[in-house]
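Student: need a 3D model of the sequence below.
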Amino acid sequence: MVDFNGKVVIVTGAAGGIGRAAACRFAELGARVALADVDEKGLAGTAEIIGEQAVVVPTDVADPDACRVLVDRVVQTWGRLDVVFNNAGVAGDRGLTAEQSTAEWQRVIDINLNGVFYCTRAAIPEMIKCGGGVIVNTASVDGLVAMASLAHYTASKHAVIGLTKACALEYGSQNIRCVAVAPGYIKTSMTHGDGGLSEEERAILCAMAPLGRAAESEEVASLVAWLASDEASYVTGSCHQVDGGVLAGFGITAGV
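Tutor: Residues are numbered from 1 along each chain as shown. Modelled structure (predicted):
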């Protein structure tokens, strides 16, 4: 049975989408949850849903000092740290590689990759003090294949998977597991908000999935919680797709 009673969890990108869903799921399972994001209004909304089991720590994960402060605040508040869900991320402005600005490339890498590294680096010493822990990183199906017009996002998510594997190798002997999730088409502000996917693109992505639909954030959150739990105690260094079967292959059945 998945149980987080007595456990302390950090969720970055907790102001909405997968982060909010995961934070709520951890709290439902008994965890005390630290909510981190740059969107303070969104954080307040998540905290209101969870109640007294949550603490809000506004954090820009692209700032290494802010990530250190986040971990320190959590440990000072609750005395331990058991799980970090590195979920904060941005898609970035779309454009061909040769036309992408240096500033936009750096922004996406800073948040999506460096932010995972900064939070992980700050968390590991505290997890070691507690006898172990779990780090779950949000990658993407774009960390396993590429998407044209999002070279920075694709590169950052491929790198997150590599970082996940390296961390698992380095700290397994200290009872720290590190895994990644690779969401496909999920209904979030990233896909449905301003600058997100067009209606035509959303229809194409649904058609690509054998399940024929987009996922809800809660469907990713359920996997995240399981991976972070003792039920997954022998799972580390791996990446787990939540993509409705998109990367399983080509579903051509003409003539069958």
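Student: tell me the pLDDT of residue 254.
Tutor: Note for residue 254: predicted pLDDT of 59.
Student: same question for residue 192.
Tutor: On pLDDT, residue 192 comes in at 63.
Student: kindly report the same for residue 237.
Tutor: Residue 237 carries a pLDDT score of 98 in this model.
Student: so who does the nearest residue to it once chain neighbours are set aside touch?
Tutor: Spatially, and ignoring its direct neighbours in sequence, residue 237 is nearest to residue 168 (3.4 Å; Cβ to Cβ, 6 or more residues apart in numbering). No exception for glycine: its C-beta is placed from N, CA and C like everyone else's. Residues in contact with residue 168 (Cβ atoms under 8 Å, 6 or more residues apart in numbering) are 177-179, 236-238.
Student: how many neighbours does residue 53 have?
Tutor: Residue 53: 17 surrounding residues under other Cβ atoms under 10 Å.
Student: returning to what we had before: can you confirm the residue nearest to residue 237 is in a helix?
Tutor: Yes. Residue 168 forms part of a helix when assessed by DSSP: H, G, I helix; E, B strand; the rest coil.
Student: low pLDDT regions in the chain?
Tutor: 189-190, 192-197, 252-256 (pLDDT under 70).
Student: can you show me the helices along this protein?
Tutor: For the chain, applying DSSP state H gives helices covering 17-28, 40-50, 64-78, 102-109, 115-129, 151-171, 189-192, 199-208, 217-228.
Student: residue 249: which of those is closest?
Tutor: helix 199-208 (11.1 Å; Cβ to Cβ).
Student: next one: the closest one to chain centre, how far?
Tutor: 23 Å (Cα atoms, centre = their mean, to the nearest Å).
Student: what's near enough to touch the spatially closest residue to residue 127 that is not a sequence neighbour?
Tutor: Sequence neighbours aside, residue 133 is the residue nearest to residue 127 in space, at 3.2 Å (criterion: Cβ to Cβ, 6+ apart). Going by Cβ under 8 Å, 6+ apart, residue 133 touches 81-84, 123-124, 126-127, 175-177.
Student: just the buried ones from these?
Tutor: Neighbour-count burial (16 or more other Cβ atoms under 10 Å) is assigned, among the contacts of residue 133, to 81-84, 123-124, 126-127, 176-177.
Student: pull the most distant pair out of the residues you listed.
Tutor: Farthest pair in the buried ones among the contacts of residue 133 (Cβ to Cβ) is 126 and 177. Separation: 15.1 Å.
Student: so residue 113 sits against residue 162, correct?
Tutor: No. Look at residue 113 against residue 162 with Cβ atoms under 8 Å: they stay out of range, at 9.6 Å.
Student: who has more neighbours, the two?
Tutor: residue 113 (22 against 14).
Student: give the contact list for the nearest residue to residue 157 once chain neighbours are set aside.
Tutor: Distances taken as Cβ to Cβ, 6+ apart put residue 143 closest to residue 157, at 3.3 Å, once the chain neighbours are dropped. Shown in contact with residue 143 (Cβ under 8 Å, 6+ apart): 154, 157-161, 180, 182, 239.
Student: could you rerun that using 7 Å?
Tutor: Contact partners of residue 143, counting by Cβ atoms under 7 Å, 6 or more residues apart in numbering, are 157-158, 160-161, 182.
Student: what is the neighbour count of the nearest residue to residue 31 once chain neighbours are set aside?
Tutor: Distance criterion Cβ to Cβ, 6+ apart; nearest residue to residue 31, sequence neighbours excluded, is residue 4 at 3.6 Å. Residue 4 has 23 neighbours, counted by other Cβ under 10 Å.
Student: and which of the contacts of residue 133 is nearest residue 39?
Tutor: The closest of these, once distances to residue 39 are taken by Cβ to Cβ, is residue 84, at 18.8 Å.
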